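Participant: Take this sequence and fold it.
(chains A and B)
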There are 2 protein chains.
Amino acid sequence: MLEPTHLQISGERFTATYRLAMKHESDARSLAKHICAEQTVEFPVELIPEDDISRHIVGRIESLQRESDAHIAVISYAVECVGGALPQLLNVLFGNCSLIPGVRLINISLPPSMLDSWRGPRFGVTGIRRVTQVSERPLTMTALKPMGQSVERLAIMASDFAASGIDFIKDDHGLASQPFCNFKERVQECSKSVQRANQDHGTSARYCPSLNVPADEINAAARFARDQGVGGLLVLPGLYGFDTMRSLADDNDLDLPIISHPSFLGSHSNAGDGGIDPGVLFGTFMRLAGADIVVFPNYGGRFSVLPNVCQSIIDCLRAPMGAIAKAMPAPAGGMKVERLPEMIGFYGSDVSLLIGGELHRGDRREIAERMTAAAKGVLKSRL
Amino acid sequence: MLEPTHLQISGERFTATYRLAMKHESDARSLAKHICAEQTVEFPVELIPEDDISRHIVGRIESLQRESDAHIAVISYAVECVGGALPQLLNVLFGNCSLIPGVRLINISLPPSMLDSWRGPRFGVTGIRRVTQVSERPLTMTALKPMGQSVERLAIMASDFAASGIDFIKDDHGLASQPFCNFKERVQECSKSVQRANQDHGTSARYCPSLNVPADEINAAARFARDQGVGGLLVLPGLYGFDTMRSLADDNDLDLPIISHPSFLGSHSNAGDGGIDPGVLFGTFMRLAGADIVVFPNYGGRFSVLPNVCQSIIDCLRAPMGAIAKAMPAPAGGMKVERLPEMIGFYGSDVSLLIGGELHRGDRREIAERMTAAAKGVLKSRL
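Facilitator: Predicted structure coming up:
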């Protein structure tokens, strides 16, 4: 038996809301109790004496309510469990829970003292508008692709897009460092090419390379990219961890906008009655981890996503969250210029319109110019 | 339209096997074609000329077969798509696929040239037996817990367990750096305490701290732990990325066994008809990423896992994989001493038996001694 423990505890707690795929209240309550222990002490609770661990550290069921064939459990945890570190926040919210079938994280709520632990997006919507000097209209983005193109061709492509007036030209997230397209050469040439096109055409495109490199090279790669004058960084938190993105966003020596890509994260949002709701995953977590622009699958594209899912993501990207800035949505996945007015209608103007492959269905510069025109409201007013 | 591309391609390919939740062959084929493009060029394939990109870079359907109400698609990719980096391997295998409902990664096969890109487990089963000097019996492991215990108490607990003859004493994965239990103090005190107990009792326990720290501090934390004389490192690839673990395993300056923990990874394996099969996730990926000992939920414990799932994990941990060493399974989650003979029967002796909270159901040192006795075959021979 453990001796009783006395702890200095502030009493401040944060909450996680889980949907438990349990019809009967007794089953749901027993699962909720399991979660309270699993996410904190991982210890048989009956073996913990009446002390500050059982009172404060073990999670606490704040409410449990039936919702159709499931139950909604709100569980609170002491802020001290997290110690101000993002990996441990995710760990307490959903670490071992992810291994329990039928537990879905659908909402989180953090007190102000905890939100102060993280800077969030360095730029956010306001900062992105400041650095791009685009005050009102939607922003535009495209991706350099397809994989297999040489550095030289990608640099020419980047130049064409910069000339068209597109705001962000990112690497396709799958451009890593392949034998036919080395990371350093690509970043060097594409960055140079975009800067030259900006000068020649009076545009101000920002080239954003994909930091798809070995994990122990990501910091050096980001610094190399900065030294080449890139305008932002594409980061893949599903492959490198949310906190790796947070550390890049926090890095004063980089001071660059962060675009997050959803690669490898879909198992969480698509996990049926398990996993994490897309709003929490692509909204709240991305902001906590410092993404300024968040790429996610749009409805009506290559991924089977419903409009209400996209709505929940933008709600979370824009919800009040202490001093943590709002992030800009970049709905994507098979978008076309023709859909932009509708997308602007849905997302409003605080959006980064991302069209990739579809810009190549004809003269890419001409189609890209139609895209930038649409963003400037030309097509919108015509409809 | 793109100009045709000529590439230097070896012709070597690796394969991913996906289960597609599609009953009709035509639907399954169209989804498989979608995957071929989605995981590589992310580009409308009809816009790619007849060239080396369409011939080699776009994924290729090697076979498509009906299996009950689904289809099994084997898709191959050129090794050049990966460029020898683990994040990009995971990205090609399942990055955007994770966002498509009804696509489950169930197997992968890499050619020898590709396996040479990664070292895999630095120790593996053989190396773990060499450094622990335990030649035949199962190894034993426990975790320091519950969260909320002071450094002083955890150090005493560690000492008791070391005296009992347990081989590995790891931090509970949720011991981060909390106000009541600072990372550096804990590592310092627990490591010292285990070393002292080893001297006093002629045992050789290895203390393995949890590297649950901010991502940009993980390398320094690992070096600090090494300097305190720890016997291994607990890493959480679900929170830090598989390649972060790979970089720690590869680090010659650390030269320490890596224990992987499944926190935050369950959404992949529990994702129903999406996600990644547990064998690939906790077996193949963990080995590629350098885990020497792999913690995963055992059947019949706190997590609803079936024996066949555990079997598939150990099959993948032990399957031939070029020069990549076999890793040791550490089935866990509510295990008890009474179950050890059965577990040894199921897993064989190349297993790391992990019991945490249940060692505290009475005198912990006595129960831990029963555990080590069970591992030494005493209980086994009695049955």
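
Participant: Could you pull up the contacting residues of the residue nearest to the spatial centre of chain A?
Facilitator: Among the residues of chain A, the one closest to the centroid is residue A:286, at 3.3 Å (C-alpha atoms, centre = their mean). Contacts of residue A:286 were listed using C-beta atoms under 8 Å, 6 or more residues apart in numbering or on different chains, and they are A:237, A:242, A:260, A:294, A:317, A:327. Where C-beta positions appear, they are placed from N, C-alpha and C, glycine not excepted.

Participant: Next, format the residues you listed as TSV and append neighbour count.
Facilitator: Below are the contacts of residue A:286 laid out as TSV (neighbours: other C-beta atoms under 10 Å in any protein chain shown):
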residue	neighbour count
A:237	26
A:242	28
A:260	30
A:294	27
A:317	27
A:327	32
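
Participant: The residue nearest to the centre of chain A - that's part of a helix, no?
Facilitator: Yes - checked against DSSP: H, G, I helix; E, B strand; the rest coil, residue A:286 lies within a helix.

Participant: so how far is residue A:63 from it?
Facilitator: Separation of residue A:286 from residue A:63 (C-beta to C-beta, to the nearest Å): 27 Å.

Participant: try residue A:354
Facilitator: 39 Å.

Participant: Neighbour count for those two, which is higher?
Facilitator: residue A:354 (26 against 13; other C-beta atoms under 10 Å in any protein chain shown).

Participant: ok, which stretches of the stretch 101-250 of chain A are helices?
Facilitator: For the stretch 101-250 of chain A, the helices defined by DSSP state H, counting those that start in this stretch occupy A:112-115, A:124-132, A:151-164, A:183-201, A:218-227, A:237-240, A:242-250.

Participant: Kindly reformat those helices as CSV containing mean pLDDT and distance to residue A:1.
Facilitator: Below are the helices of the stretch 101-250 of chain A laid out as CSV (pLDDT from 0 to 100; distance: least, C-beta to C-beta, whole Å):
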stretch, mean pLDDT, distance to residue A:1
helix A:112-115, 95, 33
helix A:124-132, 98, 50
helix A:151-164, 98, 65
helix A:183-201, 98, 56
helix A:218-227, 98, 46
helix A:237-240, 98, 42
helix A:242-250, 98, 36
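
Participant: I'd like those helices written out as TSV, with distance to residue B:168 added.
Facilitator: Below are these laid out as TSV (distance: least, C-beta to C-beta, whole Å):
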stretch	distance to residue B:168
helix A:112-115	33
helix A:124-132	44
helix A:151-164	47
helix A:183-201	38
helix A:218-227	30
helix A:237-240	28
helix A:242-250	26
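
Participant: Could you dump these into TSV and include distance to chain B?
Facilitator: Output for the helices of the stretch 101-250 of chain A, formatted as TSV (distance: least, C-beta to the nearest C-beta, whole Å):
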stretch	distance to chain B
helix A:112-115	12
helix A:124-132	21
helix A:151-164	7
helix A:183-201	9
helix A:218-227	8
helix A:237-240	4
helix A:242-250	4
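
Participant: Now do the closest residue to residue A:257 other than its chain neighbours against residue A:256, distance only.
Facilitator: Of all residues not flanking residue A:257 in the chain, residue A:232 sits nearest, at 4.0 Å (C-beta to C-beta, 6 or more residues apart in numbering or on different chains). Residue A:232 sits 5 Å away from residue A:256, going by C-beta to C-beta.

Participant: More neighbours: which of those two?
Facilitator: The residue with more neighbours, out of residue A:232 and residue A:256, is residue A:232; 25 against 22, by other C-beta under 10 Å.

Participant: Surely the more buried one and residue A:206 touch.
Facilitator: Yes - with contacts defined as C-beta atoms under 8 Å, residue A:232 counts as touching residue A:206 at a distance of 5.4 Å.

Participant: and for these two, which residues touch both?
Facilitator: A:168, A:257.

Participant: Which pLDDT value goes with residue A:1?
Facilitator: Note for residue A:1: predicted pLDDT of 75.

Participant: Just give me the neighbour total for it.
Facilitator: 11.

Participant: what's the answer for the one 10 residues further on, then?
Facilitator: Under the neighbour criterion other C-beta under 10 Å, residue A:11 is assigned a count of 8.

Participant: One more: residue A:127?
Facilitator: 15.

Participant: and what of the one 10 residues further on?
Facilitator: A count of neighbours around residue A:137, defined by other C-beta under 10 Å, yields 19.

Participant: Kindly report the same for residue A:92.
Facilitator: Residue A:92, neighbours per other C-beta under 10 Å, totals 25.

Participant: and the residue nearest to the centre of chain A, how far is that from residue A:52?
Facilitator: According to C-beta to C-beta, residue A:286 and residue A:52 sit 34 Å apart.

Participant: Contact partners for residue A:160?
Facilitator: By C-beta under 8 Å, 6+ apart, the residues touching residue A:160 are A:197, A:364, A:365, A:368.

Participant: between these, which is closest to chain B?
Facilitator: Proximity of the contacts of residue A:160 to chain B (C-beta to the nearest C-beta) peaks at residue A:364, which lies at 9.2 Å.

Participant: my guess is that closest one meets residue A:156, correct?
Facilitator: No - with contact defined as C-beta under 8 Å, residue A:364 does not count as touching residue A:156 (10.2 Å).

Participant: Now do residue A:271, the pLDDT please.
Facilitator: 83.

Participant: Show me the strands in the stretch 1-150 of chain A, by range?
Facilitator: For the stretch 1-150 of chain A, applying DSSP state E, counting those that start in this stretch gives strands covering A:13-20, A:60-67, A:70-78, A:103-109, A:139-144.

Participant: and of those strands, who's closest to chain B?
Facilitator: strand A:139-144 (7.5 Å).

Participant: Quick one: name the residues of the stretch 251-383 of chain A near chain B.
Facilitator: With C-beta under 8 Å from any C-beta of the partner chain as the criterion, the stretch 251-383 of chain A meets chain B at residues A:262-272, A:274-276, A:297, A:302-304, A:333, A:356-358, A:360-361.
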